[in-house]
Each structure stands twice: as C-alpha cells, then as structure tokens.
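Enquirer: Got a sequence here, can you model it:
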Amino acid sequence: MIKTIEIVLLPEQAADRQIQAEQAAGILSLPLSQIHALKILKRSIDARSRQVKIRLRVEVFVNEDAPDEKNPAAFFDFKKDVSQSPNVLIAGFGPAGMFAALRLIELGYCPIVLERGKDVRERRRDLAAINKEGKINPDSNYCFGEGGAGTYSDGKLYTRSNKRGDIDRILSILVMHGADPDIRVDAHPHIGTNKLPQLVTAIRKTIEDAGGKILFNTKLTDILVRNDRIHAVRIQNTIDQREEELSCESLLLATGHSARDIFELLHRNKIEIEAKPFAIGVRIEHPQEIIDRVQYHCDVRGPFLPPASYALTGQANDRGVYSFCMCPGGIIAPAATGEKEIVVNGWSPSKRNNPYANSGMVVSLDEKDFSEFKSAGALAGLRYQQQVEFNSWKAGQGNLQAPAQRLLDFLDKKKSPILPSCSYIPGITAAVLDDVLPQEIIQSLRSGIKIFGKKMPAYLTNEAVLVATESRTSSPVRIPRDPETLQHIRVKGLFPCAEGAGYAGGIVSAAMDGERCAEAIAKRLR
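Expert: Sure thing, here's the model as predicted:
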C-alpha cells in the first residue's frame, strides 16, 4: 500500500530519514516496522512563523518496498540516428534551442543549430576578459554562447508555467545530463553556475551523438522570405567573417532577448514585430547574513538551512515594483553585450556560499513610457532600454564600472561618500541614481523599497548597495505568432520562440516553449 502524506519537521529533523519514517508512522497510526520506504515528492521551507520548518510531501510505502528508480534516460528516445533525416534549422543554443533540438531528435528530425557564440570552454576566456579587462566580445559573453544566458544565470528552475508543457519532463532531462536529482523535489530548484557548463556540454553531446549539428561562431544575419514563406537564411562565421546562404523551409528562432540585431533585422525586412511591456531597475545587494536573519528569525543561520532568499512585490505610483532573479549567496555579473552600455545580472554557485545576496529590483514599464522613441515604432521599447544602459555607462566612468549608491542614501537622494564592498568584479563607482535612471523608474523604485522595508525592516540598511542597471529582465519586443500553429502571423515556416520572442521567462518555460515549437514544426513538415 502506498500513502501520500505531508510531514512537517525542524530542519535538522528533515535531514534524518529515520525521523521522517517515525513521523510518517505516527501520522498513519502504524508501527514503524510497517514503513518500508519513503519517497520525497516535494520539499519546501516554511519560514512564516518564528520557528522555521521543512514541509515534505512524501509517498509512504507500507508493507511493500519502493520500486527501483529508473534511470531518467530510460524515458527518452535520444539514441536514434537522425543524421540522414530531414533537417530543421534552429537559431540559438540557449534553453529553448537545446530542448527544441532534443525534441526534434525524438520526433525523427535532424536539428542544425546556429549559435553565434562559442562553446562553454572557449566562452570562459571571453568572460574573464569582461571581468578583468572590461572587454566585451559582442558574440561571446554572459548572454551569447553555448547554453545562452542560462549557462551563467545559475540555473533557477522555478516556474508557474504548468500549462505550457511538462515541467517534470524538463527537469528529468536535466537530471539525465548531470543535474542533482533534488531539482525534481525542491520547491525552488536550482543547479548552480559552476555546474551548468558541464550540463550543457552533456546535452550537446546527446544531440551530436544522434547526428544533430551545432555550428558555433555562426550568426544569423538575414531571413529571406518569398511569397510570405521563409525559403533561406544568410549566416556569417564570426571568426573569419565568411558568409553563406542556407535554404530552409522551417526556422525555429530562439535567439534570446539580448539579440537586438535580430529585432533590427526583422524590422528592416518588414517582418511584423511589436513593442511590449518589460521592466528596468537595479541590482540590490545585501550581506547574506542580513537576509538570513530577517527570513529565518535568527541571529545565525543553522547548518541545515540554505542561504535565505526573498520575493517582494508591490504597487507604487500605479506601477508594479518587484524583486527579480533573487540570488542567495550570489554574485552580480556584467551582462552587457556591446560597447557603451552597463547591464547587470546575478547568479549563484550550487552551494550559494558567497557572502552576499543580490536581487533585481525592477519597475514595470509599458508603451506610454516609450513615447519619446515612438518614431522607432515597434523598436520604441528597445530604444528606451538602450538609452538607459548608455546613461549607466556614462555614469560608470568606463571600463564596465557600474554606478552605485547605498540604499539609505538612495532613499535620501544623496551621493554615497564611500561605497561598501560588492561582488561585482569590474567594480562600482559612486553615483546619484536619479541622474542615471528615468524618473518614472526612480520614483516607483524609491516608493517600492520603502514599502518592502515595512515588510522586512532590516532590509532598509546602508550596508546594502544599489547597482545599475538591471535592464534585461525580459524582451522589449514581441514577435507575434499564431497561437495554434506557433508560426509567425505572416511568414510561414518562421517559428518565434521563447524569451527573445516574448513567450517565456526563465530556463524551464523557455525549454518548454522550445519543445512546443519543435512539435509544431514536425507537424507542419508531416
């Protein structure tokens, strides 16, 4: 007999399988000897009361043994040879492109992936040049390269997108390629930037072993349309600048929302795109111990609790203000993709053991905010985003230094005479953020932070620092597609996909959208 129950334990108890079994026996009013095994289905932290608890939803095997766990690979059909099968072109090897390629293999098609950046090993050198020298390779950076921005976004896997696909399938494929099996049970699963490069390399090997191809250093430069149908693309090798034209009848466009040249290309070719709402703000960084004390109601976090996180949302001046991509024990990273722009993002290693906690703190924007750039049409939001990033670069005094201000100094509208230490490796420079960000962002940000300070009083401290600018939360452009066929509303055979097209947010939702688009392409080809 199998029973599914919830047990609630102290953190140190939740780490003890014997105590878990004893608690289950008590709940079911059974002798402990009848509890043969437990399987954890979901694990979450409940910090709502003074005493932090761990909630476990478990399957209890009563008078029977648990079945052996199957290797995740047994559930997927990636071993076939598709090298001689019809080709499908994919632009972008981020989460959407990777999972689209895997799904196409299962469906009997050969994926050919165009990736403007480098593989993870070569990409590391360009990241080192960004951090140490302030040099940005526009085709290989924190956003572009094998695995896309997801490789260095630390692998947050939480999503509410249950209706978009099978979340457990995505997590199981990640486990198959080296992720910790705990991602299937944790309420807020996370892989870690230190582990993601090996994982995406393993996914690449699966694709190549089946006959698929990943063409690194290969940038999509044009989409050729005839009679409202895609018939070819132009590509360029980013090393030797060699150009080539490839015929294709289906293109899965999964280039991510930092690939601004793709938006420009579509706009120039009069392929419909539209401006969409997005958000801009700052990265806010606290010492991790402050967040631990606030969230866990303790002086020192115990060894059985992970570094604490938070999620804050509110309304200020009729705008949404919210935390985004919160990174416990994390690092603020330089995410610019071109010259004369400052963009920051955050990531954490798998152990989340750095001394700082950082989070995006952003303000929602919509089309009325882009009126200054209305002459740009569908690119108005993009132009607004570019202007903010340029203003941050000017205030940062070059070499990728980011403008920053202590939190209380920001609320008091004064420049910080001395800045605290910060995890942002290129360095921060003191600035008054009112001179960097538009007033519609500043005013809502200031009001929102005060609201959050009432929820988390210790949050308001001058030990925290605001670093500008967090501007790549989502795409400022949507590429409209038919909701049934997932093809572009005008161009047959063009499948806009995931974050860059405005249809996903995060690794898991992007992966699921990639799979959906792959299935739509296969249906069209059949």
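Enquirer: And the closest residue to G346 other than its chain neighbours, how close does it get to T4?
Expert: Distances taken as CB to CB, 6 or more residues apart in numbering place C327 nearest to G346, at 3.9 Å, with adjacent residues excluded. Where C-beta positions appear, they are placed from N, C-alpha and C, glycine not excepted. The spacing between C327 and T4, counted by CB to CB, to the nearest Å, is 33 Å.
Enquirer: When these two are compared, which one has more neighbours?
Expert: For C327 versus T4, the count of surrounding residues by other CB atoms under 10 Å is larger for C327: 31 against 10.
Enquirer: wait, that one sits on V344?
Expert: No. Shown here, C327 and V344 do not form a contact pair, counting by CB atoms under 8 Å, at 11.3 Å.
Enquirer: so what's I105 up against?
Expert: If a contact means CB atoms under 8 Å, 6 or more residues apart in numbering, then I105 has 77-78, 80, 82, 111, 207, 210-212 as its contacts.
Enquirer: give me that answer again for 10 Å
Expert: Contacts for I105 were tallied using CB atoms under 10 Å, 6 or more residues apart in numbering; they are 76-82, 85, 111, 206-207, 209-212, 518.
Enquirer: sorry, back to before: list the residues that contact both of C327 and V344?
Expert: Listed contacts common to C327 and V344 are 283, 285, 333, 358, 360; contacts here mean CB under 10 Å, 6+ apart.
Enquirer: Near the fourth one, how many other residues are there?
Expert: The tally of other residues near N358 (other CB under 10 Å) stands at 33.
Enquirer: Pull out the buried members of the contacts of I105.
Expert: With neighbours counted by 16 or more other CB atoms under 10 Å, the contacts of I105 contain buried members at 76, 78, 82, 85, 111, 206-207, 210, 212, 518.
Enquirer: helices or strands next to the strand or helix carrying I90 in the packing?
Expert: Of the helices and strands defined by DSSP states H and E, I90 is found in strand 87-91. In terms of contact count using 3 or more CB pairs under 10 Å, 6 or more residues apart in numbering; DSSP states H and E, strand 87-91 is assigned the packing partners helix 95-106, strand 110-114, strand 213-215, strand 218-226, strand 229-237, strand 243-247, strand 251-253, helix 507-525.
Enquirer: Give me the mean pLDDT for it.
Expert: pLDDT averaged over strand 87-91 equals 97, rounded to a whole number.
Enquirer: again with stretch 279-290
Expert: Averaging pLDDT along stretch 279-290 gives 98.
Enquirer: how about the strands in the stretch 1-150 of the chain?
Expert: Listed in chain order, the strands of the stretch 1-150 of the chain (DSSP state E, counting those that start in this stretch) span residues 2-9, 35-46, 53-62, 87-91, 110-114.
Enquirer: Reformat the ones you listed as a markdown table; add distance to L305.
Expert: Compiled in a markdown table, the strands of the stretch 1-150 of the chain are given as follows (distance: least, CB to CB, whole Å):
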| stretch | distance to L305 |
| --- | --- |
| strand 2-9 | 12 |
| strand 35-46 | 7 |
| strand 53-62 | 9 |
| strand 87-91 | 41 |
| strand 110-114 | 40 |
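Enquirer: Mean neighbour count, these: which tops it?
Expert: Looking across those with neighbours counted as mean count of other CB atoms under 10 Å, the highest average goes to strand 87-91: a mean of 25.
Enquirer: Just give the strands next to that strand in its sheet, each with its orientation.
Expert: Taking DSSP bridges as the criterion, strand 87-91 forms sheet pairs with strand 110-114 (parallel), strand 251-253 (parallel).
Enquirer: okay, these in CSV with distance to T151 and mean pLDDT next?
Expert: Written out in CSV, the entries for the strands paired with strand 87-91 read as follows (distance: least, CB to CB, whole Å; pLDDT from 0 to 100):
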stretch, distance to T151, mean pLDDT
strand 110-114, 15, 98
strand 251-253, 19, 98
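Enquirer: Could you dump the ones you listed into JSON lines and include distance to A259?
Expert: What follows is those, written out as JSON lines (distance: least, CB to CB, whole Å):
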{"stretch": "strand 110-114", "distance to A259": "11"}
{"stretch": "strand 251-253", "distance to A259": "9"}
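Enquirer: With respect to G165, which of those lies nearest?
Expert: G165 lies closest, by CB to CB, to one member of the strands paired with strand 87-91: strand 251-253, at 15.3 Å.
Enquirer: and the closest one, how far out from the chain's middle?
Expert: Here the centre of strand 251-253 is set off from its chain's centre by 20 Å, with CA atoms, centre = their mean, to the nearest Å.
Enquirer: contacts for it?
Expert: Residues from elsewhere that reach strand 251-253 (CB under 10 Å, 6+ apart): 88-92, 96-97, 100-101, 104, 111, 113-114, 220, 223, 230, 232-233, 259, 262, 266, 479, 481, 486, 488, 491, 493-498, 500-501, 514, 517-518, 520-521.
Enquirer: residue ranges of the strands in the stretch 401-526 of the chain, please?
Expert: Using DSSP E, counting those that start in this stretch, the strands assigned to the stretch 401-526 of the chain run over residues 402-406, 428-430, 465-470, 477-478, 494-496.
Enquirer: Model confidence for R50, exactly?
Expert: Reading off the per-residue confidence, R50 sits at a pLDDT of 89.
Enquirer: now the farthest one out in this structure, which residue is it?
Expert: Each residue of the chain has a distance to the centre, and by CA atoms, centre = their mean the biggest one is for P31: 45.8 Å.
Enquirer: Would you format the strands of the stretch 401-526 of the chain as JSON lines with distance to C143, mean neighbour count and mean pLDDT included?
Expert: As requested, the strands of the stretch 401-526 of the chain are arranged in JSON lines below (distance: least, CB to CB, whole Å; neighbours: other CB atoms under 10 Å; pLDDT from 0 to 100):
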{"stretch": "strand 402-406", "distance to C143": "16", "mean neighbour count": "27", "mean pLDDT": "98"}
{"stretch": "strand 428-430", "distance to C143": "21", "mean neighbour count": "18", "mean pLDDT": "96"}
{"stretch": "strand 465-470", "distance to C143": "14", "mean neighbour count": "28", "mean pLDDT": "97"}
{"stretch": "strand 477-478", "distance to C143": "15", "mean neighbour count": "24", "mean pLDDT": "97"}
{"stretch": "strand 494-496", "distance to C143": "18", "mean neighbour count": "28", "mean pLDDT": "98"}
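Enquirer: Please identify which of those is closest to E389.
Expert: Within these, the stretch nearest E389 is strand 465-470; the backing value is 6.0 Å (CB to CB).
Enquirer: Partner strands of the closest one and their direction?
Expert: Paired with strand 465-470 in the same sheet, following DSSP bridges, are strand 278-287 (antiparallel), strand 402-406 (antiparallel).
Enquirer: got the CA positions of stretch 503-522 in PDB?
Expert: Extracted in PDB, the C-alpha atoms of stretch 503-522 (Å, rounded to 0.1, in the frame of the first residue of the first chain):
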ATOM      1  CA  TYR A 503       6.800  34.000 -24.900                       C
ATOM      2  CA  ALA A 504       8.700  32.700 -21.900                       C
ATOM      3  CA  GLY A 505      10.600  33.800 -18.900                       C
ATOM      4  CA  GLY A 506      13.300  31.600 -17.400                       C
ATOM      5  CA  ILE A 507      15.000  28.300 -18.200                       C
ATOM      6  CA  VAL A 508      12.100  25.900 -17.800                       C
ATOM      7  CA  SER A 509       9.500  27.900 -19.500                       C
ATOM      8  CA  ALA A 510      11.900  28.600 -22.400                       C
ATOM      9  CA  ALA A 511      12.700  24.900 -22.700                       C
ATOM     10  CA  MET A 512       9.000  24.000 -22.800                       C
ATOM     11  CA  ASP A 513       8.400  26.600 -25.400                       C
ATOM     12  CA  GLY A 514      11.300  25.200 -27.400                       C
ATOM     13  CA  GLU A 515       9.700  21.800 -27.300                       C
ATOM     14  CA  ARG A 516       6.300  23.100 -28.300                       C
ATOM     15  CA  CYS A 517       7.800  24.900 -31.300                       C
ATOM     16  CA  ALA A 518       9.700  21.700 -32.300                       C
ATOM     17  CA  GLU A 519       6.500  19.700 -32.200                       C
ATOM     18  CA  ALA A 520       4.700  22.400 -34.300                       C
ATOM     19  CA  ILE A 521       7.500  22.300 -36.900                       C
ATOM     20  CA  ALA A 522       7.300  18.500 -37.000                       C
END
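Enquirer: Good, wrapping up.
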